[in-house]
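>>> One predicted model, sequence on top.
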Amino acid sequence: MKATWNGTVIAESDDTVVVEGNHYFPADAVKPEFYVDSKTTTVCPWKGTASYRSIVVDGQTNADAAWYYPTPKDAAEEIKDRIAFWRGVQVTA
């Protein structure tokens, strides 16, 4: 699977986990040079508290377009150390 934004591959892996239709990429599959930590968090009743990262490619920022669960609840343990995307990031095979 590939995650692409603004014409650039920002993550790539053959080992994604699909939860609620979202592909969660292993942390080591994302290219860190394209990510900036965000202060945004949200809470999912069964997964826990999500943290966000913004994506920056060629000087353009896609705010909070990547999320992950640093300490997921037991029911979501399979997505620990994984990151997912939205807000225009294309995830394709």
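All right, it came through fine. Residues are numbered from 1 along each chain as shown.
>>> How about the contacts made by residue 31?
Residues counted as contacts of residue 31 (C-beta atoms under 8 Å, 6 or more residues apart in numbering) are 9-11. The way it works is simple: take the backbone N, C-alpha and C, and place the C-beta from them, glycine included.
>>> any idea of the pLDDT on it?
For residue 31, the model assigns a pLDDT of 97.
>>> Got the phi and psi for it?
phi -90, psi 110 (degrees, to the nearest 10).
>>> if I look at it, how far off is residue 42?
As defined by C-beta to C-beta, to the nearest Å, residue 31 lies at a distance of 24 Å from residue 42.
>>> One more: residue 54?
With C-beta to C-beta as the criterion, residue 54 and residue 42 are 15 Å apart.
>>> my guess is residue 73 contacts residue 43, does it?
No: Residue 73 lies out of contact with residue 43 (C-beta atoms under 8 Å); the separation is 10.4 Å.
>>> okay, those two: which has more neighbours?
For residue 73 versus residue 43, neighbours defined as other C-beta atoms under 10 Å are more numerous around residue 73 (13 against 8).
>>> who's the nearest residue to that one once chain neighbours are set aside bridged to?
Nearest residue to residue 73, sequence neighbours excluded (C-beta to C-beta, 6 or more residues apart in numbering): residue 48, at 4.5 Å. Each beta-bridge partner of residue 48 is listed here: residue 44, as defined by DSSP bridges.
>>> Thanks again, I'm all set now.
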